[in-house]
Every structure is written in C-alpha cells, then in structure tokens.
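Peer 1: Okay, structure incoming, though there's no sequence with it:
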C-alpha cells in the first residue's frame with residue numbers, strides 16, 4: 001500500500017479583485033443575453049412585416065412611427081437603421097468575448113471593422129432621422145439621443161486609432177465605451193422598463209413628455225459610462241474597499257438590467273414578434 005497521501009485540490013481564494021471581476025462577468029452575461037433577445041425581437045418583428053410588403057405595420061411595433069406614406073427614402077433609412085441594429089447587437093457581444101479575440105483574431109479584426117462602420121452609419125443615420133425626418137417624441141429626449149450618437153462617433157474614432165497603433169489595452173477600453181454608447185437605445189428600453197416596474201411608472205406619461213421620459217435618454221448612456229470608468233479604476237486600484245464597493249454596485253446594476261430585460265421582453269418585445 002502506498003503511503004502517499006492525496007493532496008486535495010486548492011480552492012481559489014475569494015478576493016476583492018475576484019469579486020469585482022465576477023460582478024463584471026455577471027453583468028456582461030446578462031447584457032449579452034439581453035442583446036440577443038433584442039436581436040430576436042428586431043428580426044421577428046420587422047422582417048415578416050417587411051417581407052410581406054406591409055410596411056405600414058412597422059408602426060405597430062414602437063412608439064415612434066417608422067413608416068410614412070410616400071416617403072420612400074425615409075422609410076428605407078428607417079428600416080436599414082433598425083435591421084443594422086440587429087447586427088451591432090450580435091457583433092458587439094462577439095467583439096468583447098476574450099475567447100473570440102484569442103482563438104479567431106482574423107474574425108475579430110474583420111468583424112470589428114464592420115462593427116465600426118455600421119456604428120458610424122447608425123449614429124449619423126439616427127441623427128438625420130431625428131432632426132431631418134422628425135422621428136422623435138420630444139426635443140429634449142431627442143437631444144439626449146443625439147448626444148449619444150455624437151459619442152458613438154468619438155468613441156469609434158478612438159477605438160480605431162488605438163487599434164491601428166497596436167495600443168491594445170487602450171483599444172479595448174475604448175471598445176468597451178463604444179459598446180455602451182452604441183447600445184444607448186437598448187439601455188433606454190431596459191432602463192424604462194426597470195424604472196416602470198420599480199416605481200410604478202413615476203414621471204412617465206403616455207405622450208412621452210414626463211420628467212422621466214425627458215431625463216432617461218441621457219441616463220441611458222451616462223450611467224453605463226460612469227460605471228464602466230469606475231469599474232476600470234477599481235480594477236486597476238490597490239484599494240480593497242473600493243473594489244468591494246464597486247463589486248456591489250456592478251452586481252446591483254446586473255440585477256437592475258435583468259429586471260429591465262424582463263419588463264422589456266414581456267411588455268415591449270415579445271408581443272410584437274410574428275415568428
């Protein structure tokens with residue numbers, strides 16, 4: 001009989017850094033699932049209506065009318081904008097997955113180029129739809145969405161600049177910022193529903209001109225950007241309390257995101273899906 005005693009496997013130590021990282025993974029997992037749910041909604045709601053030639057039924061899907069009789073150029077711009085949003089929802093998640101970057105670098109590069117091009121197109125096209133075509137509920141909310149569109153252009157430029165210079169860490173940081181602002185409309189829907197469930201719809205109105213309706217388009221990109229910057233600072237910091245606080249904040253954000261996704265799916269997305 002051997003006298004060798006089996007050594008039990010070492011357990012990973014739970015540290016503030018590991019908790020912070022876990023909170024980030026939790027939020028991203030929920031957000032990634034939500035992105036794919038949003039993609040399914042876009043494809044399931046708009047493709048059947050478009051393929052059948054029932055373009056006027058686009059107006060059944062959202063609060064803002066997408067189809068305008070006789071405006072073929074505006075209608076084309078609208079449906080292009082909507083369907084390309086499905087692409088960035090899927091591609092954005094894939095771009096941030098470490099396993100994709102490591103194992104399929106060529107796919108990461110080419111998808112990234114397409115993602116940047118489509119993001120810029122959506123930002124410019126969205127601003128045109130808002131201020132030229134008048135696809136908006138009120139001017140204050142439209143200004144918030146426009147600000148988000150301008151931030152897409154800025155973050156896309158820095159993301160590309162650092163990628164071309166092979167400054168990979170800076171490139172990834174700017175890519176995460178780009179991911180957040182590109183998904184400003186997604187955050188807006190999720191934020192609306194989380195607030196509606198938690199507060200009973202305080203400050204919201206059917207005409208979309210209540211206090212919440214006006215401020216939410218700004219919060220939809222400002223809060224995620226602020227949390228990302230704090231997360232990155234906490235990850236680089238040596239302060240254990242700071243890491244623990246941010247881990248708690250990001251975990252809370254994940255819970256809010258999940259709540260908003262549940263509400264968006266049940267009340268905004270799934271009722272409009274035809275396939």
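Peer 2: Good, I have the coordinates. All figures in this text were calculated on a predicted structure; none of them were measured in a lab.
Peer 1: Under the pLDDT cut-off, which ranges of the stretch 1-150 of the chain? List them.
Peer 2: Applying pLDDT under 70 to the stretch 1-150 of the chain flags the ranges 1-12, 63.
Peer 1: Walking through the protein, point out its helices one by one.
Peer 2: Along the chain, the segments classed as helices by DSSP state H run 16-51, 72-96, 98-103, 105-131, 139-164, 168-182, 184-199, 211-236, 240-264.
Peer 1: Reformat these as a markdown table; add mean neighbour count and distance to residue 275.
Peer 2: Any C-beta I mention is one placed from the backbone N, CA and C, and that applies to glycine too. Listed next are those as a markdown table, based on neighbours: other CB atoms under 10 Å; distance: least, CB to CB, whole Å:
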| stretch | mean neighbour count | distance to residue 275 |
| --- | --- | --- |
| helix 16-51 | 18 | 5 |
| helix 72-96 | 18 | 14 |
| helix 98-103 | 11 | 28 |
| helix 105-131 | 17 | 23 |
| helix 139-164 | 18 | 28 |
| helix 168-182 | 20 | 25 |
| helix 184-199 | 20 | 20 |
| helix 211-236 | 18 | 28 |
| helix 240-264 | 18 | 18 |
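Peer 1: what about the ones you listed, which gets the closest to residue 205?
Peer 2: Comparison of the helices of the chain against residue 205 by CB to CB identifies helix 211-236 as nearest, at 6.4 Å.
Peer 1: Show me what the closest one is packed up against.
Peer 2: With contacts taken as 3 or more CB pairs under 8 Å, 6 or more residues apart in numbering; DSSP states H and E, helix 211-236 sits against helix 16-51, helix 139-164, helix 168-182, helix 184-199, helix 240-264.
Peer 1: of all the helices of the chain, which lies closest to residue 270?
Peer 2: For these, proximity to residue 270 was assessed by CB to CB; helix 16-51 is nearest, at 7.4 Å.
Peer 1: what angle do that closest one and helix 211-236 make?
Peer 2: 140 degrees (axes from the mean of the first three to the mean of the last three CA atoms, to 10 degrees).
Peer 1: Which other helices and strands does helix 16-51 contact?
Peer 2: Short answer (3+ CB pairs under 8 Å, 6+ apart): helix 16-51 packs on helix 72-96, helix 184-199, helix 211-236, helix 240-264.
Peer 1: Dump those into JSON lines; add distance to residue 119 as well.
Peer 2: JSON lines is the format used below for the helices and strands packed on helix 16-51 (distance: least, CB to CB, whole Å):
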{"stretch": "helix 72-96", "distance to residue 119": "6"}
{"stretch": "helix 184-199", "distance to residue 119": "11"}
{"stretch": "helix 211-236", "distance to residue 119": "13"}
{"stretch": "helix 240-264", "distance to residue 119": "21"}
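Peer 1: Out of those, which gets nearest to residue 155?
Peer 2: Nearest of the helices and strands packed on helix 16-51 (CB to CB): helix 211-236, 9.3 Å.
Peer 1: And that closest one, how far out from the chain middle?
Peer 2: 12 Å (CA atoms, centre = their mean, to the nearest Å).
Peer 1: cool, stretch 76-89 as well?
Peer 2: Worked out by CA atoms, centre = their mean, stretch 76-89 lies 14 Å from the chain centre.
Peer 1: Hmm, residue 101 is touching residue 109, no?
Peer 2: No: using CB atoms under 8 Å, residue 101 is not in contact with residue 109; the gap is 9.5 Å.
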